[in-house]
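**Student:** sequence-free structure coming up:
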């Protein structure tokens, strides 16, 4: 069993930055590929970024590429998402999650955190 706890969300002005963290417990996150997803009100959960267990490969949604950076520190059992140049479309609850696959599909992910709210004001 893996427990994931996200933190770092909040209210930020458009153009600003936030760094999300996802702390794992129960098992080593180095056993898993990991991802960030987000869900805005009235919308389906969508893929943001993914990273392999070793951190050597990453993938991003077109909306995130060039602005967001996913990274991990397996020694700290923590996943990160650095978000720059935020805009109002980035407002959502952000979730971290684990997978045995390097995937952009939520169906391939199993353990999920409770989410952290990111609100971007224009």
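**Tutor:** Everything's here; your move. Please read these numbers as outputs of a predicted model, since none were measured by experiment.

**Student:** how near is residue 62 to residue 2?
**Tutor:** Separation of residue 62 from residue 2 (C-beta to C-beta, to the nearest Å) stands at 29 Å. Placement of C-beta: from N, CA and C, glycine included.

**Student:** between these two, who's got more neighbours?
**Tutor:** Comparing residue 62 with residue 2 by other C-beta atoms under 10 Å, the one with more neighbours is residue 2, at 18 against 6.

**Student:** residues contacting that one?
**Tutor:** Residue 2 is in contact with 24-27, 29, 32, 98, 111, counting by C-beta atoms under 8 Å, 6 or more residues apart in numbering.

**Student:** pLDDT value on the residue nearest to the spatial centre of the chain, please?
**Tutor:** By C-alpha atoms, centre = their mean, the chain has its centre lying nearest to residue 36, at 2.5 Å. pLDDT for residue 36: 98.
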